[in-house]
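>>> With the sequence up front, the predicted model follows.
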Amino acid sequence: MTPDTNNATCRAIVVTPGVASSERLATVAREMPKTGQVDLHVLEVGICGTDIEIASGSYGQPPLGHQDLVPGHESLAIIDCLGPGVQGLSVGQLVVPIVRRPCPELCAACASGRWDLCLTGNYQEHGIKGLDGFLREFAVVDANALVSIPNTLRPVAVLVEPLTIVEKAIEEAEMAYPRRWAQPHTALVTGAGPVGILAALLLRQRGLDVSVLDQRPADSPKAQLVQRAGIQYIDDQKTPLEKVVPAAGFDVVVEATGYSPLLFRAARSLGRNGVLVLTGVTSGHHDITVDSDVLNVSLVLENQTIVGSVNAARHHYLAAVADLADWSDRWPGLTEQLITARHPLDQFMDAYQKSPDAVKSVIVMAPRGAQ
């Protein structure tokens, strides 16, 4: 049974893709769920680099026929009502929506539930490409795009979506590494942003000796956070990466900055059969000099692999939920520290301001105790 939402509205953040600094608080129509859909009461939305790039005018695509886009893809919500034909879900249930939706052609990958590997490129993404996101008080989504969240994870569940990116990235690394004959032991993560820290924690959870490379002092909040999990922190300004690479190189490297000069340095730190996974993308241009012949020889003779990874499938969301629960037991209180600030909706601009010591800023769309 669905409520009569005719003429109903809700507050939302909207942007005009391609127009810098167009983000603003607005009132938008509240939709009614159709067959197979649910209406969500959005609780929290995390802000990431993609959201900031969309606000800068460099990225984003509104829904067909619209000029504006509701951004926000890292979200946590509760089900407010069910549309016709929805089964297996209940009102009041805590959920995280899946960001990417299959292409209309339903290519072989999308038909198999691997929309993250869409073959046509015509996929849609909530808050990014062709679909409104979750920086709104209420949002209608397909019922099959929801992942249930246990109430015990309520304080950190907004981290599920960014963790899925890491889950897939490390899955890609594991597939490329010759695990039949050897197990990876050492890992490097470049960048101590949200994705970098999540990658480091996931690799540490899996038993690897992990190092995080960033450009902040070893006594900075981010450095202390990863050190709590038994992860080595390297201040690249004080101790350059090249001086701390193990003699045999790193087995796995996750590049989480999108800074291309660092990408090439990270590639040179790989060991035999090593895998470099690229997760970060930034705009801009960087002119650098690279000894491409030496890099090529190393990649070929040492059987090294470089792979890019983005987005995630449903099984990555399920893995993220399970791993967040494990981290809560393994490192009590640590995951809560990843959320460094929560801002009310009417102060949303504060969440868009980058702070050197902040990990994840969250916009609170509804009272935290809402059920």
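Noted; the coordinates are in hand.
>>> The chain: helices as residue ranges?
Here the chain has its helices, by DSSP state H, at 49-55, 108-111, 160-176, 194-205, 221-228, 260-267, 292-301, 314-330, 334-338.
>>> For this structure, which residues score under the pLDDT cut-off?
1-7, 280-297, 366-371 (pLDDT under 70).
>>> Can you give me the domain boundaries for it?
The chain breaks down by automatic domain parsing into domains covering 9-148+338-364, 164-308.
>>> and the helices of the chain, which is most packed in?
Most buried of those, by mean neighbour count (mean count of other C-beta atoms under 10 Å): helix 194-205, with a mean of 25. (C-beta placed from N, C-alpha, C; glycine too.)
>>> orientation of that one relative to helix 160-176 in degrees?
50 degrees (axes from the mean of the first three to the mean of the last three C-alpha atoms, to 10 degrees).
>>> distance between helix 194-205 and the chain's centre?
12 Å (C-alpha atoms, centre = their mean, to the nearest Å).
>>> from here on, count from 58
Yep, numbering from 58; the last one is helix 251-262 now.
>>> Report the angle between it and helix 371-387.
Helix 251-262 and helix 371-387 are oriented at 70 degrees to each other (the same axes, to 10 degrees).
>>> Spell out the residue ranges of the strands in the stretch 158-307 of the chain.
Secondary structure of the stretch 158-307 of the chain, counting by DSSP state E, counting those that start in this stretch: strands at 181-183, 187-188, 195-199, 203-205, 243-247, 266-271, 289-292, 307-312.
>>> With mean neighbour count added, can I get the ones you listed in CSV?
Output for these, formatted as CSV (neighbours: other C-beta atoms under 10 Å):
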stretch, mean neighbour count
strand 181-183, 21
strand 187-188, 20
strand 195-199, 22
strand 203-205, 19
strand 243-247, 28
strand 266-271, 25
strand 289-292, 19
strand 307-312, 28
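>>> need those in JSON lines with distance to residue 136, can you?
Converted to JSON lines, those look like this (distance: least, C-beta to C-beta, whole Å):
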{"stretch": "strand 181-183", "distance to residue 136": "16"}
{"stretch": "strand 187-188", "distance to residue 136": "19"}
{"stretch": "strand 195-199", "distance to residue 136": "10"}
{"stretch": "strand 203-205", "distance to residue 136": "8"}
{"stretch": "strand 243-247", "distance to residue 136": "35"}
{"stretch": "strand 266-271", "distance to residue 136": "37"}
{"stretch": "strand 289-292", "distance to residue 136": "40"}
{"stretch": "strand 307-312", "distance to residue 136": "34"}
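>>> Of all these, which one comes closest to residue 75?
Judged by C-beta to C-beta, the one of these that comes nearest to residue 75 is strand 187-188, at 14.3 Å.
>>> Just checking: what are the partner strands of the closest one?
Strand pairing for strand 187-188, determined by DSSP bridges: strand 181-183 (parallel).
>>> how far out from the middle of the chain is the strand it pairs with?
14 Å.
>>> Repeat that for stretch 250-261.
How far stretch 250-261 lies from its chain's middle: 11 Å, per C-alpha atoms, centre = their mean.
>>> who's in contact with it?
With contacts defined as C-beta atoms under 8 Å, 6 or more residues apart in numbering, stretch 250-261 is touched by 103, 105-106, 216, 219-220, 222-224, 226-227, 244, 246-247, 267, 269, 271, 279, 282-283, 286-288, 309, 311, 313-314, 336-337, 380, 384, 388, 391, 395, 416-417.
>>> Also stretch 376-387?
The contact list for stretch 376-387, computed with C-beta under 8 Å, 6+ apart, reads 153, 204, 206-207, 209-210, 213-214, 216-218, 220-221, 224, 258-259, 262, 391-392.
>>> repeat for stretch 320-334
Contacts to stretch 320-334, defined as C-beta under 8 Å, 6+ apart, come from residues 226-227, 229-230, 233-235, 239, 241, 243, 245, 247, 298-299, 302-303, 305-312, 335, 345, 347, 352, 355-356, 359-366.
>>> hang on, isn't residue 415 packed against residue 397?
Yes - using C-beta atoms under 8 Å, residue 415 is in contact with residue 397, at 4.5 Å.
>>> For the domains of the chain, give me CSV that also has distance to residue 374.
As requested, those are exported to CSV (distance: least, C-beta to C-beta, whole Å):
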stretch, distance to residue 374
domain 66-205+395-421, 4
domain 221-365, 5
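>>> Residue 371: which of these is closest?
Among the domains of the chain, domain 66-205+395-421 comes nearest to residue 371, with 6.0 Å by C-beta to C-beta.
>>> where's that closest one relative to the chain centroid, distance-wise?
Centroid displacement of domain 66-205+395-421 relative to its chain, using C-alpha atoms, centre = their mean, is 13 Å.
>>> So for that domain, first residue to last residue, what's the gap.
End-to-end distance for domain 66-205+395-421, by C-alpha to C-alpha, to the nearest Å: 18 Å.
>>> One more: stretch 209-220?
With C-alpha to C-alpha applied, stretch 209-220 spans 17 Å between its terminal residues.
>>> Mind listing residues that contact it?
Residues outside stretch 209-220 that contact it (C-beta under 8 Å, 6+ apart) are 101-103, 105, 130-133, 151, 153, 156, 204, 206, 251-252, 255, 259, 374, 377-378, 380-382, 385, 392-393, 395-396, 417, 419.
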